[in-house]
Every structure is written in C-alpha cells, then in structure tokens.
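# Turn this into a structure:
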Amino acid sequence: MAFKRLPVLLVVMVIIAAGVWAFFFYTQETQEFRLIPKEVAVQEYSGAGPTEVGTGWSVKGNPEEAVAEAVAMALAGKKQAAPHFAVLFANSGSDLPAVLSAARKRLEGKTKIYGGTSDSRALMINKKFVRMGSPPHAVETRVQGVAIMTVTSEEITFGVGSADFAKYPSVQQAAREATRQAMANAGKSPAEIPQAVLITPTFGPEDQVLEGIAAVVGTDALILGGTAGGPKFGVFGEHGVYETGLSLAVLYTHLPLVWIFEGGFDTVDTPSGIVTKMAGRDILEIDHRPALEVYDQWLGGQVSTLIREGADLRKIRDVLTLHPLVRRYAAPGGQDFLLFSHPYPTKKALSDKSISTSTNIQPGDRVYLSHGTWETLLNRIGNLPLNAKVRSLYRIRFSGHKFFLSRQGRVLS
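Modelled structure (predicted):
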C-alpha cells in the first residue's frame, strides 16, 4: 500500500516544539556547537497543497527593527506577505508590547499570532541557536531576541485565543474561555474538536490550564506546548501582553497529523525513590530522608561539592538541569509516558535540603533520576523532525480505520 503524503502539520508541530523554544539552562561553554541531525533514509511525500512555512530571527535592540528583520527572513521568497498564522517568541526581558505591536503592523493585522517569552538567555529556531549577550536574568538590559515561524496554508485552519488570568475567578475558567475563543476564531462550532491545541501559559498553574482546556475539548485531545520562559514571563494575546495568562491556538485539518516527544535524557537503570513529603512544588523528603541529600547521593555528591566550593546558584542550576527527576505514567491505551521535573536551586532549598521543582508532585509518587548532556539536547532539536518523519511512515489507513505499526510490523493501535 502506498504511504500517504507528508503531513504539512509535521513541519508545523516540529518547528513549534523544537525550533522556537529556548533552552532551559545556560552554559559557560564558549565553543561553537552545530546541529548534527542523524541520517535516516525516509520516503518522500509530495502534493501537500499550497502551503508556505518560513522561520526568521533577530537580535536587534529596537523592537520594530528586530521584528522587521525576523519577519523578512521568514517570508523571503514567499508569495504571501501576510501569512495565516505566526508563532512568535521573544526572549524574557524584551519589550513584549512593542514586539507584539510591531508584529501586528508588519503582518498587516491579518495574521493570527500565538506565542510569548522564551528564556532570557537564548532562543532557537531551525536556522540557529541564538545566545543572548546579557548575563542570565539581567532583564534590565532589554536585549531584544525575536524568533518567528510563519505558516500560510489552504489545508489548515488556525484559530487563536488568550486569557489574562487576573481577569477570571479561576485559571480553569480562563483556559476554558481562551479555548472557546480560539475555536470561534477558527470559524468552528464548540462541537468541532481541533486536531491539535497549542498552548503557552505563564509559569505556575499549568495543571489548571490543562483542566480548563480538557473541559472544552475532552481529555483525548492532542495538546502541545510548554511554559513561557522567564524570569519575566509573558504571553501574547489578541489585545495585549499578559504577565500571567495563556496564549492558545487550535488547528483544524484533513491532513494526517504526526507528533513526537523526546525528553532528551537517559532514563535507563537510574535510581529512584518515593516522595514522602511535599510543600507546594518543593520536595522535602524522598524515602523519608531530606530530598536534596538523596538527590545529591544519586549524583555522586556533585551538588554538595559545588556548595563546599562556594559555587553560585547559576553553576549549581546547570548541573541540576542536566539531571531532572522523572515520573512514569501508563496511559489507558498502554503507552508509557515520562514527565520530567527540572529541579532548580534556591538559597532556601540548599539550606533546608529540599528540591524546588517545575511541576506538581504528590506524596507517594515515585521519582527517577535522569541524565543529559548539552550536546545531546542541542542535537535533539535537529533529530526530532527526522524522527517524526520516520514515525509517519508507519502510519497507514485500512477500511477507514487508522493503525500504527511498530518497526517489527506489529499493530500497536
């Protein structure tokens, strides 16, 4: 049976997930790194329709100049000056209202914009890893970093919505309203479930955001995205920038959709323990022992060594970021999923031997240690599109039903 043509959404999803997003950490390495995607033999598809995708970036200090340069790069050689959809990210510390205003003006007010802040230290697209010139968290320097992806397609319908959490009684209600806005913006009824939902919330209430979205589109909907970067968070809405809020987009298409997730960390044969005491998002105890003491033991004493040497929090953070804690979940369909929680150091956490994390963890959860490297994470950005493309080759249709085949030819679902 002939394979289906390459889904246009494959390009969209992969670049959104891997192209614009900033890295979680900063490194003191000075050598130049290159993306080295692994070579995979794949079958090419054709005839995806009138679709144009472009990416661009800029680090000009003036927001209007930065947006103009990034947009010009993305639209170079394209037929449409005003694309249907744009994913826009600026580094934390940028003049976000000015960036959004310039983008709307440059795109003639016709483009649906989704996005927010990346990390203050770097941003990335498929063309380049852009390290910002300011010290980490030096938001007062107003270093302007802008990355954009533009999409024009007659085969994909986009809708955008947003919500300022401060204007709603709950985050769940704000997320529900943003989802409904996006569906209406796409010209769809509440009963028409999108093929994908893209989200960028500000830091903290991610679980409540997912609950609100699920109340509208159900728990089986595909939701892709991640938290806006900090330390100064922000997301783009239809009427401005929200310091606490949600930027959301929905996608409707008849094309097959292929997505892939890779954490970029090794989780094989790693130690684990049971979380026995929590305080908010801080792990106080693992196996009834101080959490940081257990974690440091798993790392062979790396954290305690840095503390004795008087290392600053930034250097400790670099080590912790490469060794996130992992929880494993089994979905009803039998798939296994990993949820990574990045520890980050604070003076309080180091003194009381707790672990501050980026996700909500419950007492009784088993957490595993994972390992990563700078090079692995960097090259993962280039490998993800190829892995997703290979995965699409195993997707077939038979009698109107969809099947996924393993590499061994076994039907998975």
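# For Val59, give its distance to Ser120.
13 Å (Cβ to Cβ, to the nearest Å). The way it works is simple: take the backbone N, C-alpha and C, and place the C-beta from them, glycine included.
# which residues are common contacts for those two?
Taking Cβ atoms under 8 Å, 6 or more residues apart in numbering as the criterion, Val59 and Ser120 both touch Met132.
# Tell me, please, where in the protein the pLDDT is lower than the cut-off.
Where the chain drops to pLDDT under 70, the residues are 1-49, 133-143, 392-413.
# Strands of the stretch 301-413 of the chain, residue ranges please.
Ranges of strands within the stretch 301-413 of the chain are 325-330, 336-341, 355-356, 366-369, 395-398, 401-404, based on DSSP state E, counting those that start in this stretch.
# what sits against Ile316?
Residues in contact with Ile316, defined by Cβ under 8 Å, 6+ apart, are 303, 306-307, 345, 350.
# which among those residues end up buried?
When those are checked for burial by 16 or more other Cβ atoms under 10 Å, the buried set is 303, 306, 345, 350.
# still on that earlier bit, quick one, which of Val59 and Ser120 is more surrounded?
Neighbours were counted for Val59 and for Ser120 using other Cβ atoms under 10 Å; Ser120 has more, 26 against 18.
# For the residue nearest to the more buried one when sequence neighbours are not counted, grab the count of nearby residues.
By the measure of Cβ to Cβ, 6 or more residues apart in numbering, the closest residue to Ser120 outside its immediate chain neighbours is Ser92, 3.9 Å from it. Using other Cβ under 10 Å as the criterion, Ser92 is surrounded by 26 other residues.
# Val294 and Gln144: what is the separation?
Val294 is 42 Å from Gln144, by Cβ to Cβ.
# what do you get for Ser356?
Applying Cβ to Cβ, the value for Ser356 to Gln144 is 30 Å.
# Now the residue nearest to Glu206 when sequence neighbours are not counted. Its backbone dihedrals?
Nearest non-adjacent residue to Glu206, counting by Cβ to Cβ, 6+ apart: Thr227, 6.0 Å away. Dihedral pair for Thr227: phi -70, psi 140, per degrees, to the nearest 10.
# Thr227 contacts Pro205, correct?
No - contact status for Thr227 versus Pro205: not in contact, 9.9 Å apart, counting by Cβ atoms under 8 Å.
# Show me where the stretch 1-150 of the chain has its strands.
Ranges of strands in the stretch 1-150 of the chain, per DSSP E, counting those that start in this stretch, are 51-58, 85-91, 112-118, 122-124, 129-131, 146-153.
# got the angle for the last one vs strand 85-91?
Orientation note: strand 146-153 sits at an angle of 170 degrees relative to strand 85-91 (axes from the mean of the first three to the mean of the last three Cα atoms, to 10 degrees).
# Pro363: how many residues sit nearby?
The local packing of Pro363 (other Cβ under 10 Å) involves 12 other residues.
# Phi first, then psi, for it.
Backbone torsions for Pro363, taken as degrees, to the nearest 10, come to phi -60, psi 140.
# and the longest helix anywhere in the chain, how far from the chain's centre?
Assignment by DSSP state H gives helix 374-392 as the longest helix of the chain. Relative to its parent chain, helix 374-392 has a centroid offset of 14 Å by Cα atoms, centre = their mean, to the nearest Å.
# Just the CA atoms of that helix, as CSV, please.
What follows is helix 374-392, C-alpha atoms only, in CSV (Å, rounded to 0.1, in the frame of the first residue of the first chain):
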residue,chain,number,x,y,z
TRP,A,374,24.5,19.8,26.5
GLU,A,375,25.4,18.2,23.2
THR,A,376,22.6,15.7,23.3
LEU,A,377,20.0,18.3,24.0
LEU,A,378,21.3,20.6,21.3
ASN,A,379,21.4,17.9,18.6
ARG,A,380,18.0,16.6,19.7
ILE,A,381,16.5,19.7,18.1
GLY,A,382,17.7,18.6,14.7
ASN,A,383,16.8,15.0,15.2
LEU,A,384,13.2,15.5,16.2
PRO,A,385,11.8,16.3,12.8
LEU,A,386,13.5,13.3,11.3
ASN,A,387,12.2,11.0,14.0
ALA,A,388,8.7,12.3,13.5
LYS,A,389,9.0,11.9,9.7
VAL,A,390,10.1,8.3,10.2
ARG,A,391,7.2,7.7,12.5
SER,A,392,4.8,9.0,9.9
